[in-house]
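A.B. asks: After the sequence you'll find the predicted model.
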Amino acid sequence: MKLHTILGKEKLTLSFEVFPPKTDADFESVKKAAYNVAALQPSYMSVTYGAGGSTSKHTLAIAEGIQKEYGVPTIAHLTCVGATKQSIHEALENMRDAGVENVLALRGDRPSWMEGEPFTDYHYASQLVETIREFGGFCVGGACYPEGHPDAADKREDIRNLKTKVDAGCDFLTTQMFFDNNIFYNFLYRAREAGIYVPIIPGIMPITRAVQVKNAVKLSGCHMPERFINIVDHFGKDKDAMQQAGIIYATDQIIDLIANGITHIHVYSMNNSKVAQGIQANLSAILNS
Ligand code: FAD
């Protein structure tokens with residue numbers, strides 16, 4: 001099922017993200033973890049793509065398996081790092097043959113192991129969106145950054161570039177993680193003011209281990225509010241307490257988003273079905289309201 005059908009309805013959606021294994025040896029255990037998330041029957045699931053295409057066959061296998069085994073629609077991520085037009089066409093043919101109808105079109109980042117120029121046929125995700133549109137038959141999503149993408153000179157330039165990407169054919173956008181909803185509301189206002197009218201789905205990252213904080217800041221450069229830092233300081237050393245506090249913080253963010261009129265929520269569940277289940281259970285009555 002194409003995601004724009006689901007996102008076009010007024011019903012609240014809760015979706016989960018999982019990642020594929022890095023090696024063939026890990027495939028079965030990672031697949032099991034991803035399937036445990038799928039068993040929760042979210043509205044849809046996204047499956048990430050390893051840096052430089054290192055996990056492309058696993059991304060597709062997991063996305064296809066989730067649809068077939070659990071009937072949950074999936075979106076496969078695809079980056080254009082080190083890609084040629086031909087390799088992208090092959091990837092799209094494989095997705096079409098596997099019945100995966102949704103693609104999150106990304107530029108990606110150069111992995112540390114990659115030699116040579118990583119961006120030849122494609123320099124920006126908007127060019128990948130154009131190719132996918134020319135190929136036809138897919139619902140296309142793109143990424144966006146409420147705090148600005150680190151490569152952009154400033155937030156205005158980033159929004160201009162985002163508008164180019166949406167005009168190239170994005171059906172919707174999913175945001176980078178953020179921990180202060182005011183940052184999202186401000187971004188949403190600026191995006192709408194710039195003429196970006198597609199659904200913008202907030203991406204919520206439940207931080208359930210103190211070590212994730214450093215990674216999150218390193219990966220996304222996102223702002224950590226004082227309230228959240230205090231929670232990690234206080235509960236970070238107790239595994240169960242930190243997990244509970246992280247699930248509640250993420251739930252609190254989601255409830256505030258829904259109360260402010262946001263109908264689609266994406267959770268970076270990171271193959272952790274306990275965390276996904278905890279958030280889903282906290283929202284059970286709200287999701288059916
Ligand atoms: P783009 O949209 O191309 O933007 C990248 C930069 O280029 C921005 O600074 C933008 O302002 C600038 N830019 C864009 N167009 C132009 C232009 N025409 N001229 C000048 N500047 C321009 N990475 C993975 O490897 N695998 C994944 O599965 C993955 N999933 C992700 C999911 C989400 C929801 C998000 C938010 C990120 C994800 N990433 C993933 C990370 C992403 O690949 C990186 O953040 C990457 O640096 C940018 O990708 P993009 O598609 O946003 O790039």
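C.D. replies: Thanks, I have it.
A.B. asks: Can you name the residues of the stretch 101-250 of the chain sitting close to the ligand?
C.D. replies: Proximity of the stretch 101-250 of the chain to the ligand (Cβ under 6 Å from any ligand atom) is limited to residues 106-109, 124-126, 143, 149, 151-152, 158, 161, 164-165, 174, 176, 203. (Glycine included, C-beta is placed from N, CA and C.)
A.B. asks: What's the ChimeraX line that selects buried ones from the residues you listed?
C.D. replies: A single ChimeraX command selects the buried members of these (16 or more other Cβ atoms under 10 Å):
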select :106,107,108,124,125,126,143,149,158,161,165,174,176,203
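A.B. asks: In strands, which of the residues of the stretch 101-250 of the chain next to the ligand fall?
C.D. replies: Among these, the subset assigned to strands under DSSP state E consists of 106, 143, 174, 203.
A.B. asks: Make JSON lines out of those and add pLDDT and distance to Ala216.
C.D. replies: Formatted as JSON lines, those follow (pLDDT from 0 to 100; distance: Cβ to Cβ, whole Å):
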{"residue": "Leu106", "pLDDT": "98", "distance to Ala216": "18"}
{"residue": "Ala143", "pLDDT": "98", "distance to Ala216": "16"}
{"residue": "Thr174", "pLDDT": "98", "distance to Ala216": "16"}
{"residue": "Gly203", "pLDDT": "98", "distance to Ala216": "12"}
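A.B. asks: Which member of the residues you listed is positioned nearest Lys57?
C.D. replies: Checking these against Lys57 by Cβ to Cβ gives Leu106 as the nearest, at 17.5 Å.
A.B. asks: Help me confirm that Phe119 comes into contact with Val81.
C.D. replies: Yes. Assessed by Cβ atoms under 8 Å, Phe119 is found in contact with Val81 at 7.1 Å.
A.B. asks: State the distance from Ala241 to the ligand.
C.D. replies: Distance of Ala241 to the ligand, given as Cβ to the nearest ligand atom, to the nearest Å: 29 Å.
A.B. asks: and that residue, which of the three is it?
C.D. replies: Following DSSP: H, G, I helix; E, B strand; the rest coil, Ala241 is assigned to helix.
A.B. asks: For the residue lying closest to it once chain neighbours are set aside, list the residues it contacts.
C.D. replies: Once flanking residues are discounted, Ala241 sits nearest to Phe235: 4.3 Å by Cβ to Cβ, 6 or more residues apart in numbering. Each residue near Phe235 by Cβ atoms under 8 Å, 6 or more residues apart in numbering is listed here: 241-242, 244-245.
A.B. asks: quick one, helices of the stretch 151-289 of the chain?
C.D. replies: 155-169, 181-193, 211-220, 226-235, 239-259, 273-282, 284-287 (DSSP state H, counting those that start in this stretch).
A.B. asks: which of those sits most buried?
C.D. replies: Of the helices of the stretch 151-289 of the chain, the one with the most neighbours on average (mean count of other Cβ atoms under 10 Å) is helix 273-282, at a mean of 19.
A.B. asks: For it, give the mean pLDDT please.
C.D. replies: For helix 273-282, mean pLDDT rounds to 98.
A.B. asks: Could you figure out how far it is turned away from helix 239-259?
C.D. replies: For helix 273-282 against helix 239-259, the angle by axes from the mean of the first three to the mean of the last three Cα atoms, to 10 degrees is 40 degrees.
A.B. asks: Of Phe119 and Val81, which one has the most company?
C.D. replies: Val81 (19 against 15; other Cβ atoms under 10 Å).
A.B. asks: That one and the ligand, how far apart?
C.D. replies: Counting by Cβ to the nearest ligand atom - Val81 and the ligand are separated by 7 Å.
A.B. asks: wait, isn't that residue in contact with Gly116?
C.D. replies: No. Taking Cβ under 8 Å as the definition, Val81 is not a contact partner of Gly116, at 11.3 Å.
A.B. asks: And the worst-scoring helix or strand of the chain on mean pLDDT, how far out from the chain middle?
C.D. replies: Sorting the helices and strands of the chain by mean pLDDT, DSSP states H and E puts helix 211-220 at the bottom, at a mean of 83. Distance, stretch centre to chain centre, for helix 211-220: 16 Å (Cα atoms, centre = their mean, to the nearest Å).
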